Every structure is written in C-alpha cells, then in structure tokens.
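> sequence unknown, structure follows:
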C-alpha cells in the first residue's frame, strides 16, 4: 500500500474502459472451458436489453426468401455446440509503444466457451443467396459513438466465410442461455476470427452485393501505420501461447514467488490459422528456448494445453516466457509489431518470477 | 482512435489489477439481481482450485464440538437464499487525490446476487461456542504476498456479528453452484459489510478468545491518514446511489449523448447501515438537487431502485449526479474523504452528458 502519482500514464479514459471490460485472470487457463464470468468481455458501447418475445432475427438483402425468425424457430433447426477460443483483436495493445489509445489490454483478453446454436451457412442457403452477393452484414443492437460516427455495431463477413466456414448463430453457452453480456438473445460466433467478427445482440443479417464500408470495417480493425492509408483488415487470430503464472503472486506487482525445486509450468496455445504445432518455453528470458509437451486441443476451434517441467535450482529472479507456432507457418514475434489501432500484438508473454531462498 | 502518452498516471501495476479484477458495467444497474458474470470481482491473489470431494469445512478453536463438514452435510442444513448488495471497500479509490496505490476502482465495484447457503449463527451455536470467545476467524485457500507478508486471506468477525447477524455460508448463487471466482465450494456472505468480510474459498472457521491481528485485519482495511496510526476498521457499507448512464456513450470517453426531451433517469441505492430513505438527483452539477422517486428494495440486504424524470430542454453539456441517505443518518459527501488505503469513498457519482441539437 502506498501513494503514487506515476507518469507511466494510463489515462482516465483508458481506465474507464479497463474497468468496464473484463480480462480473463490467467490462472483460468487451467480450465479447458472458461468458467462463465471469467471469459473476457469487450463491450464497445452498453449492454443492450432485448425483449426476446418481440425479438425476431431479420434475414434481409440479396435473398430469394427474406425472413423474420423467432428464437424458438431458430432452436428448431440443427443445433450444435462448438468449443471456440475467442480473443480480442486488441489483446496486447498496452504493450505497444507509443500506446494506441483504446482498451489497454495486456494479454488477458481471451476465453474458451462451448457455444450452442445453429450453423449459419445452411440458414443462408435455404434463404436463397443471390448470385451477385459478396458479403454478409451482421448488425447488433448495441449503439454508440466511435470516431465521431453514431452507429450500431455492424461487421461483415466475406461470402466464402459465411457459406463455407463454421460460423454459428449462438443462443447459449453449453446448456445455459446466453448471458446479457455475451449477446442475449443471439450472437454470431465465427471460429478462428478475432472477437470483432463475433457480433453480439444480433438484430439483422443482410446479404450485400457490394462490400460494406461501415466504421468497424474500414476505420476500426485495420492494420496500418497511418490514418490516411486504408490498411489491411483484421481477420483471423494469430498464434499465441499463455502460461498459468506459477507459484503465488504479490498483490500489487503480480510478481510470482516459487520455492526452489521442480515446477510444472502449464498453459494453453491457439491460432485461428491452423493447428498449434509447437510451443516453446524459456526460463532464461529468451536466452534459451525448449520445446513444451503438447496436450490435446479442446476442440478443432479451441486452444490446446501444453506443459513444461522447470527445475528452479537457484534462488533469484527469473523471466519466464512462452511462444507458439501453428501449422500454417505463423509464429509469435519476440517484440510487438506496432500499428495505429493496436491490433494483433501476439508478442511473447513474459512473467517475472522470484525463486525464494528456502 | 489515437496515440497517447498521457500523464494522468495510472501505473502498470494498477492496470494489471484493473484488468484481472472486474467492475459491473453501470448499465447492469437495470437488473435487480446482477446477471452472473457482471457482478464485481476483487480477487486479492489467484482464484484457487479446490477438490470438493476431498474438501471439508473445518470448525475449530474455542468450540465444545469442533467438526469437519462436507459440502453435502452443509447442504442438509437449513437453506436460505438471500439477495445481498455487495461492494468493494475500495470502490471509488481512483477518485481520491493523491491516489492510494491499489485496485483503482472508479465506482463500479458493486453487484447484487441471491446467495444460497446455510445461516452461520446456528452452526456455531450447535458447535458450542466457548464463553470467552470474542471473534470468529474465516480463512480462505487463496494465498499470496501483500505488504511483504506471505498469507492466506483471513478476516475475522466480532462474535456479536457472527452469532446475531445474518451471515450465511453460501454454496450457490440462486440455483447455480458457486462459480470458481465467487469462492467455490463455499464462501462467507455478511450482508451489509464491505466485500473484504465476505471471505471466499473457505477452508476453516476458528473461534478465537483474542482479537485477530492478521494483515487483512490490522494492516489492510483500516481508515487512517498515516501508516503509523492504527486507524479504524472498515466494516459496513456506506450509502451510495448510482445511476444508469442515460443515452448512448462515446466509445473512448464514455461521455453520454441524449436527444432533447424527457428522460427517465434511474438507478439503485444501498447502505449497509440501514434502509435507504432518500435519493436526490441533480442535473445541474450539484447547483440544485431534487428528490428522486424511490422503488422497493430487492431485499432487506439489497439495493433499492430509484427514478427521476429529467426534461432535457436545451442542447448543451450537463453534469448529472445522484446521492443517497439512509435511515441511520448517513449520507454521501459531495467530495471524497481521503484516507491512506482508499477505502469507503462514497462521494457522489457525476456523469457527463451532452444533449444533442436535434
């Protein structure tokens, strides 16, 4: 406990966001499926309230058979439950210098849930997608102002992802109805894509014959160095490994303390581009890396466990780190790769650990 | 979106805490019972994992009949479900100047849950409390280092509160088992007391014949100006009213925007010292205060709704505020009252709102 007027400099605006959005405490990596209430949450505006009795999902746009569907009608369709590791595109943003001004995640914006719903592709096919359709737009009920633009949250998917991918319209997590903060009554889940694609509180799905140019598609979620370049769209999740911080923490610094001896380091790793094919661990701050043992994936679209046996022989201060590769050739960089919006920073996690004398 | 190197000065240590602990987004004041996953969370160290099959609650100390109780044995006892508004003692800390260095809550560290469990007092009485007992100590499984002291989280209650109060040993929220982050398999719930008294992940209850002097009792959770004075213990929750922020937010600043016209402002108010007897609202930054209409309390130990009709006639910038009184004579101050630990800051909430031209 003490008094600080630090100049490390998280602003009040960023703090407001950090307090209303929620990270997953990293010890929750222990669970293959993140317990309800520990999955990360990024809510752009406010959690809206939706009257589910009056609510209908609107299918509109370039469709032969537009429709209005109640939740009961959706639940009568083919139902699947799919474990999906979801991560915020801004995870790691606070590690970039200079720091892009938005939700200042360090590395905890992740979680895995078993989403229950109906596959998107057959629903669209049955509605008769027009031959000249190029994208599918998903509109939520959540409304606010961003970059000076008043908007409801809207994002599109390429036609190929909507018709050939594994996206589902989810009304539950396991057997539990979607909680308000996860998009009640219905949300989109796009396995392998960063969180921004997984539109919550769906009100309308519109098939488009021209690319969507809304704020969240062309202003937000672009990888670029300057505001005057269009940049590249943020899409799938880059590989990342995270470790359960070992030992016990100091309350204020979160530095970890462990006794000398053998410790089983463990964590999870994931990628939206392919299977995780390799995880390495360093107990020397990156001077030397060793392969970790890989466990099974929780599902085709979910993280995979890993473990590593560390013999902490000598008391002193250590820096532990871990990094992942996927079978599509992607891997984690050692240092952040900066961009204006602070997206996709999957630089390796580093954990400060003290091995105590006794 | 932009670049900032602000000197407003939340440190990296504080940010780490803000990201792993969770506030309740204030729009969740709409629900009488906070949806699971939106209740505030303050976890001093790590969420521990407990093997419930091997777990027994130990009743020890100055008792005629010490005991080890399984969760099944506890569930065979009298079972109650009690709606309790719980608030972190550090709620409001970030509003103090200079800012005490700990979890930097603005005002969102609150929630109301319907806790299911068995009353504490009859359990202790049946175990035969010794005549010279003065306190009851509750020990959790959560372990860490705080102020240089390695500890499991432990807090005591006065004998009078333990034997005559409404404390329960809770294994559930409504019909759902306690999630890990709320103290699985068993936690203490002390209605009316700040969060620190509601020990999670219970392993042992010990009846003491001398006051407990552990870290969380005599170092943490004391109201004092200097570290060398003993200070007064933090106990019951001071009155507070909070408002659902009206209109829609700007993503980055969280400033609110509303159309001209009549708006129903609403919120909740609570106190651990008595019934909320009055709530006032100001739409003029405190220049004038009007009484709000009070709704029913969600329960004897839970918050009470309030509402106020605001005619936003003129476009421009406004500051809304609300404040509560209880029937024990406590009320919210207009400005924070500083103390070293940053506890109990129940200064009135202020919300920046712009009434838009159309």
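Thanks, I have it. No experiment lies behind these values; they were computed from the predicted model shown. Residues are numbered from 1 along each chain as shown, chains lettered A, B, ... in the order given.

> Residue A:96: neighbouring residues, count only.
Neighbour count of residue A:96, defined by other C-beta atoms under 10 Å in any protein chain shown: 21. C-betas here are computed from N, CA, C, even on glycine.

> Quick one: residues contacting the spatially most central residue of chain A.
Nearest to the geometric centre of chain A sits residue A:87, at 1.1 Å (C-alpha atoms, centre = their mean). Listed by C-beta atoms under 8 Å, 6 or more residues apart in numbering or on different chains, the contact set of residue A:87 reads A:40, A:109, A:110, A:194, A:195, A:237, A:240, A:270.

> Kindly report the same for residue A:122.
Residue A:122 sits next to A:77, A:78 when contact means C-beta under 8 Å, 6+ apart.

> Next, it: secondary structure please.
helix (DSSP: H, G, I helix; E, B strand; the rest coil).

> Thought residue A:204 was touching residue A:61, still the case?
No. Counting by C-beta atoms under 8 Å, residue A:61 does not reach residue A:204; the two are 9.0 Å apart.

> Please enumerate the shared neighbours of those two.
Counting by C-beta under 8 Å, 6+ apart, the residues touching both residue A:61 and residue A:204 are residue A:137.

> got the contacts of residue A:87 as JSON lines, with pLDDT, secondary structure and neighbour count columns?
Listed next are the contacts of residue A:87 as JSON lines, based on pLDDT from 0 to 100; DSSP: H, G, I helix; E, B strand; the rest coil; neighbours: other C-beta atoms under 10 Å in any protein chain shown:
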{"residue": "A:40", "pLDDT": "98", "secondary structure": "coil", "neighbour count": "21"}
{"residue": "A:109", "pLDDT": "98", "secondary structure": "coil", "neighbour count": "26"}
{"residue": "A:110", "pLDDT": "98", "secondary structure": "strand", "neighbour count": "26"}
{"residue": "A:194", "pLDDT": "98", "secondary structure": "coil", "neighbour count": "23"}
{"residue": "A:195", "pLDDT": "98", "secondary structure": "helix", "neighbour count": "23"}
{"residue": "A:237", "pLDDT": "98", "secondary structure": "coil", "neighbour count": "28"}
{"residue": "A:240", "pLDDT": "98", "secondary structure": "strand", "neighbour count": "29"}
{"residue": "A:270", "pLDDT": "98", "secondary structure": "strand", "neighbour count": "27"}
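
> closest to chain B among the residues you listed?
Using C-beta to the nearest C-beta, residue A:109 comes nearest to chain B of these, at 8.5 Å.

> Please list all residues in contact with the closest one.
If you count contacts by C-beta under 8 Å, 6+ apart, then residue A:109 has A:21, A:23, A:24, A:40, A:42, A:87, A:88, A:90, A:91, A:103, A:195 around it.

> Was I right to think the first one contacts residue A:39?
It stands for residue A:21. No. Under the criterion of C-beta under 8 Å, residue A:21 makes no contact with residue A:39, lying 11.7 Å away.

> Check the secondary structure at residue A:18 for me.
helix.

> Near it, how many other residues are there?
Neighbours of residue A:18 (other C-beta under 10 Å): 27.

> so what pLDDT did it get?
As predicted, residue A:18 sits at a pLDDT of 97.

> Surely it and residue A:103 touch.
Yes. Residue A:18 lies in contact with residue A:103 (C-beta under 8 Å); the separation is 6.8 Å.

> tally of neighbours for the closest residue to residue A:55 other than its chain neighbours?
Residue nearest to residue A:55 in three dimensions, not counting chain neighbours: residue A:185, with 5.8 Å by C-beta to C-beta, 6 or more residues apart in numbering or on different chains. Neighbourhood size, residue A:185 [other C-beta under 10 Å]: 21.

> ok, residue A:185 to residue A:166 distance?
Distance check for residue A:185 against residue A:166: by C-beta to C-beta, to the nearest Å, it reads 21 Å.

> coming back round to it: just checking, the residue nearest to residue A:55 is part of a strand?
No. Under three-state DSSP, residue A:185 sits outside any strand and is assigned coil.

> and the end-to-end length of stretch A:22-34?
13 Å (C-alpha to C-alpha, to the nearest Å).

> quick check, it touching chain B?
Yes. For stretch A:22-34, a contact with chain B is found by C-beta under 8 Å from any C-beta of the partner chain, at A:22, A:23, A:25, A:26, A:27, A:28, A:30, A:31.

> Tell me the spacing between the fifth one and residue A:282.
When distance is defined by C-beta to C-beta, residue A:27 is 21 Å away from residue A:282.

> now residue A:258
Distance, residue A:258 to residue A:282, using C-beta to C-beta: 16 Å.

> What of residue A:300?
29 Å.

> of those two, who's got more company?
Neighbours were counted for residue A:300 and for residue A:282 using other C-beta under 10 Å; residue A:282 has more, 20 against 12.

> could you list every residue that touches that one?
A:288, A:289, A:290, A:319, A:320, A:321, A:322.

> separation between it and residue A:334?
10 Å.

> ok, now residue A:148?
Distance, residue A:148 to residue A:334, using C-beta to C-beta: 37 Å.

> More neighbours: which of the two?
Legend: neighbour count by other C-beta under 10 Å for residue A:148 and residue A:334, higher for residue A:334 (12 against 8).

> from the stretch 251-358 of chain A, which residue is nearest to chain B?
Using C-beta to the nearest C-beta, the closest approach of the stretch 251-358 of chain A to chain B is made by residue A:251 at 4.1 Å.

> On the pLDDT front, check that residue for me.
pLDDT, residue A:251: 98.

> and if you look at residue A:165?
So, for residue A:165, pLDDT stands at 89.

> Residue A:229 too?
For residue A:229, pLDDT reads 96.

> To what extent is it buried, counted in neighbours?
11.

> got it, and residue A:253?
By other C-beta under 10 Å, the residues close to residue A:253 number 13.

> How about residue A:63?
18.

> Let me see the backbone angles for the closest residue to it other than its chain neighbours.
Among residues not flanking residue A:63 along the chain, residue A:127 sits closest, at 4.5 Å (C-beta to C-beta, 6+ apart). As for residue A:127, its main-chain torsions (degrees, to the nearest 10) stand at phi -80, psi -10.

> Over to residue A:12?
With angles defined as degrees, to the nearest 10, residue A:12 sits at phi -60, psi -40.

> now the helices: where do they sit in the stretch 1-150 of chain A?
Remark: helices assigned in the stretch 1-150 of chain A by DSSP state H, counting those that start in this stretch are A:12-20, A:71-75, A:120-126.

> Among those helices, show me which one is buried the most.
A comparison of the helices of the stretch 1-150 of chain A by mean neighbour count, using mean count of other C-beta atoms under 10 Å in any protein chain shown, puts helix A:12-20 on top with a mean of 22.

> and that one, what other elements does it pack with?
Applying 3 or more C-beta pairs under 8 Å, 6 or more residues apart in numbering or on different chains; DSSP states H and E, one finds that helix A:12-20 makes contact with helix B:12-20.

> Give me the angle between the helix it packs on and helix A:12-20.
Put simply, helix B:12-20 runs at 40 degrees to helix A:12-20, going by axes from the mean of the first three to the mean of the last three C-alpha atoms, to 10 degrees.

> of all the residues in the stretch 251-358 of chain A, which ones are close to chain B?
A:251, A:252, A:253, A:254, A:257, A:340, A:341.
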